[in-house]
Structures are given as C-alpha cells and as structure tokens.
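**Student:** What follows is a predicted structure for the sequence shown.
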Amino acid sequence: MLTITDLHKSFETADAPMPVLRGVDMEIATGECVALTGESGSGKSTLLHLVAALDTFDRGSITLDGQEFSGMGDTARANLRRTRIGVIFQQFNLIPSLSVGDNLSFHARLSDRYDAAWQAELTERLGLSELVHRWPEQLSGGQQQRVAVGRAIAARPALVLADEPTGNLDEATGSAVMDLLLDLVAETQATLLMVTHSGALAARLNRRIHLRHGRVAEVAAA
Ligand SMILES: Nc1ncnc2c1ncn2[C@@H]1O[C@H](COP(=O)(O)OP(=O)(O)OP(=O)(O)O)[C@@H](O)[C@H]1O
C-alpha cells in the first residue's frame, strides 16, 4: 500500500519559494495500477520524484507498506530505491557504457536481488534475447524502452513508477511496450503509478488520479 498524506513541496526561486505540491493526498492499494494525469506544470513529475525517493519534501508523509519516507537520509533513500522501487522515464535513461544485458541486470545486481532464471525469462519476454550484446545507442527507441522496463522489473520491486514511458514512441510501439509493462507488473504483483497525458493509456489502468495546481482534483475509475 502506498499512502501519501498532505504532501507539500516547494522549489526555491530568485524571489520566493514556489509551491508546486500543495497538500496531495492519495492511497493506492498493493497491485493497483493508477494513472496520474493533469495539465503541464500541475506537479505530476515532482510527485513521482518524491515517491521515487529521489528528492525530499517539505511537509506531509509518504509511506510504502508502512515505511515512512520523511526523515530518511540519503543512504536510506538510496537503499529504498534499490530494493523496493523501479522507475521508468520517458527518455529511457539507459547507461550508455553498459551492454543491453548489463543494463537489464544493473539494478537487480546493485540490490543483491539478481536472479539468473528471472533475468533470462525477462530478456526473452521483452524480445531482447538477440540484443543483449549490443550497446543502447544501437537500439531503436522501442527496444531501449523495453530494456528500461526490464531493468525496472528485474529486482521485483513493490512499486513501479513510470513518467510518460511511451511519450517518445510511436503509437504502435508505445502500445506494445505498455502491454509488456502491464503484464510484468501484474505478474510480479507490483503497484504501478504512471504519469501520462494519454487518455487511452490511462483507460488501461485501474484508476485515474488527476492533479490540478498541486492538489488532487479528481479520482476516477479509468
Ligand atoms: N527543480 C526544480 N526547480 C524549480 N522549479 C521546478 C523544478 N522542478 C519542477 N519545477 C516547477 O514545478 C512545476 C511543476 O513541474 P512538474 O514537472 O512536476 O509538472 P508536470 O505536471 O510533470 O508537467 P509536464 O506534464 O509538463 O511534465 C513547474 O512549474 C516547474 O517549472
């Protein structure tokens, strides 16, 4: 269960702090797949970064299965990210100096959760078996995003966060990547929180949470 209560986050600007999240509340059940929507600038990516334990917040609380994020130091947050959270970005963010195979296993190895049989199955299911010795720059966008999906899922995280994961892909390629992502999330019983501007993608998830000016404006069945 992911619980967010009265979450506040501001960014420093030249004049005064600019509030971006202004009291966000939500509860997402284990295994639930939720779309996070909202206009540009409403705070979606900021919220995702906080839930990914990539940044700290000013006030409020985030808990994942009872584990409270506030008050955690850098080491504890890094440990939480490695062991419990998988993140997929729009820009793929693969490590250019590592082969596809090493990119796939990178996070699982870091967190000491590498499982050779699961890695082999993931590689096969993501259609990457022939590509493991290539470099990321030698892959198409869709192939790179399949590697990013595999890398995020390899350590079997409790929570998968995705920020417009198909935003850089054409519709057919994006839809195929979504199929794989949703299958793997369901199979590993992970919870998914995904930022998207696409109503069609949001409709494939269980629920839609809409942000407006840094607050939850609407919650709807997808
Ligand atoms: N590191 C930062 N420093 C200062 N301001 C920031 C920072 N990150 C985000 N912001 C500001 O916070 C607001 C919300 O940004 P955020 O990226 O969370 O919005 P978003 O809903 O994800 O938008 P989009 O759909 O365009 O990606 C914006 O006004 C943005 O300029």
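**Tutor:** Received it, and whenever you're ready, just let me know what you need.
**Student:** Write out the residues of the chain neighbouring the ligand.
**Tutor:** Residues of the chain that fall close to the ligand, judged by CB under 6 Å from any ligand atom: Phe11, Val20, Gly38, Ser40, Gly41, Ser42, Gly43, Lys44, Ser45, Thr46. C-beta coordinates here come from the backbone N, C-alpha and C atoms, glycine included.
**Student:** Just the buried residues from the residues you listed, in ChimeraX please.
**Tutor:** Buried residues within these, by 16 or more other CB atoms under 10 Å, are selected in ChimeraX with:
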select :20,38,42,43,44,45,46
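**Student:** Just to be sure, which of the residues of the chain next to the ligand are found in strands?
**Tutor:** Here DSSP state E is the test, and these give Phe11, Val20, Gly38 as lying in strands.
**Student:** What lies in contact with the host helix or strand of Arg82?
**Tutor:** According to DSSP states H and E, Arg82 maps onto helix 74-84. Helix 74-84 is contacted by residues 52-54, 64, 67, 69, 72, 87, 107, 110-111, 113, 155, 157-159 when judged by CB atoms under 8 Å, 6 or more residues apart in numbering.
**Student:** ok, longest helix in this protein?
**Tutor:** Criterion DSSP state H: the longest helix present in the chain is helix 171-187.
**Student:** The very next helix or strand once past that one pairs with which strands?
**Tutor:** Remark: after helix 171-187, the chain's next helix or strand is strand 191-195, criterion DSSP H and E. Strand partners for strand 191-195, identified by DSSP bridges, are recorded as strand 33-38 (parallel), strand 159-163 (parallel).
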